[in-house]
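A.B. asks: For reference, the sequence and a predicted model appear below.
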There are 2 protein chains.
Amino acid sequence: MRQNQARRAALLDAAIDVLAREGARGLTFRAVDAQAEVPGGTASNYFANRDDLLTQAGARIYERLEPDAATLARSLEGPRDRERVTQLMHELVDRISTYRTGYLALLELRLEATRRPGLRAVLTPRIRADIDANVDYHLRSGLPGDATAVMLLYLAMNWLIVEQLTLPEVFTQEQLRDLVERAVERLIPESDRSGAG
Amino acid sequence: MRQNQARRAALLDAAIDVLAREGARGLTFRAVDAQAEVPGGTASNYFANRDDLLTQAGARIYERLEPDAATLARSLEGPRDRERVTQLMHELVDRISTYRTGYLALLELRLEATRRPGLRAVLTPRIRADIDANVDYHLRSGLPGDATAVMLLYLAMNWLIVEQLTLPEVFTQEQLRDLVERAVERLIPESDRSGAG
DNA sequence: AACGTAGTACTACAATCGGAGTGGTGTCAA
DNA sequence: TTGACACCACTCCGATTGTAGTACTACGTT
């Protein structure tokens, strides 16, 4: 078992790309080798088996999605009104095209988690922490909308993303933007005069 | 190419089960044969190739999900108030456990559609028609809530279902019910005194 | 400066496995 | 008798895995 951490990370990044492109079942050692452009057999030397690879990839995805938290920090800079929420939601949805492989890989992993308890055990706390962080962040930032509103926005935006990722022709770009705006319109109060600090 | 339609349908049903259990990539002729409990090689005789099988399975899923439309017809029987909407949403979410394989197979197909234009072409109009039917149905039934509200409910409920199907431990049953109720609470007006008729 | 060692990159190989497709035979019904 | 189909068995093929063996690099020692 090789110990080169940089190479291991590169292999995991390659694995995430493979996941998005080929699906969970297409994630083979060889495919990872090819994607990472390393000699065949390398992935075999770094991961004990497929389960090991899947699980580590599941953990790795979040390491790469967390930098969005830095972007999220920027969200504090603007005003704290409903329009700002709309803008943030637009940015979230737009981010799909940038991180497309990440989102798709995560979906693949979710489905694979159906069959792999070990993977499920890794993903469940991560997702829950992500949700909690989102809600906490929103509330503490002073943006309008309570925890319930944030949760419902989270649900709606997530499916919107799935729809866009998997069957982009179901909604036009206009419908997409419209749905985002109406979601905020309906779920977030016009301004937060009561709880703002 | 065999013509026995009953057997073909049985093979497609088996294919849907395989999809849910093994994922899109695990859908092989042999696996379908095994699931359908027919001799090996049978599926080969009924479908030209994997693409053919996938596409037909994608179409077949909707044949089996449509009977829900019959169930949906029953939804007209109750009162036309917000509480009724809540009840219908609960029923929708509860239906997951009954049709689990169907929902999972559909998710797998969505991801596979990412890679197969032919499958995408089959799924896109189906999904769109399904959404439109839902909205139309809701509006014509006289239940409270406009098209936007129905759409947003649709988005939120769909992701709730994904969450429950793939990582059931993220939300407890109570949280799940709570989210359904709050979604209706926030998105559907308390009663529809204006547009009913 | 020469040497030894450890860890790793790389190559190549051998074995395995799963799956696809097809030809042949028996059966049933028209 | 003929045609379609169920069933069975067999062969060919490609992909994948795991590993053995070799070369390289860095580092520490003398």
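C.D. replies: Received, thanks.

A.B. asks: By residue count, what's the longest helix in chain A?
C.D. replies: Counting by DSSP state H, the longest helix found in chain A is helix A:117-141.

A.B. asks: does chain B sit close to that one?
C.D. replies: Yes - judged by C-beta under 8 Å from any C-beta of the partner chain, helix A:117-141 comes into contact with chain B at A:R120, A:L123, A:T124, A:I127, A:R128, A:I131. For glycine as for every other residue, the C-beta is placed from the backbone atoms N, C-alpha and C.

A.B. asks: For that helix, list every residue counted as buried.
C.D. replies: A:119-120, A:122-124, A:126-127, A:130-131, A:134-135, A:137-138, A:141 (16 or more other C-beta atoms under 10 Å in any protein chain shown).

A.B. asks: Show me the residue at the heart of chain A, geometrically.
C.D. replies: Note on chain A: the residue nearest the mean C-alpha position is A:Y103, at 5.0 Å, using C-alpha atoms, centre = their mean.

A.B. asks: Surely it and A:S97 touch.
C.D. replies: No - with contact defined as C-beta atoms under 8 Å, A:Y103 does not reach A:S97; the gap is 9.8 Å.

A.B. asks: related to what we said a few turns ago, which of the buried residues of helix A:117-141 sits closest to A:D33?
C.D. replies: For those, the residue nearest A:D33 by C-beta to C-beta is A:L119; the value is 21.5 Å.

A.B. asks: Pull up the gap between the nearest residue to that closest one once chain neighbours are set aside and A:A31, please.
C.D. replies: Residue nearest to A:L119 in three dimensions, not counting chain neighbours: A:A113, with 4.6 Å by C-beta to C-beta, 6 or more residues apart in numbering or on different chains. According to C-beta to C-beta, to the nearest Å, A:A113 stands 20 Å off from A:A31.

A.B. asks: between the two, which one's more packed in?
C.D. replies: In terms of neighbours (other C-beta atoms under 10 Å in any protein chain shown), A:A113 is the more surrounded of A:A113 and A:A31; the figures are 24 against 18.

A.B. asks: and that one, what does it touch?
C.D. replies: In this structure, A:A113 makes contact with A:G58, A:L119, A:R120, A:L123, B:T166, B:L167, judged by C-beta atoms under 8 Å, 6 or more residues apart in numbering or on different chains.

A.B. asks: Name the pair among these with the greatest separation in space.
C.D. replies: That would be A:G58 and B:T166, which, of the contacts of A:A113, are the farthest apart (C-beta to C-beta) at 12.2 Å.
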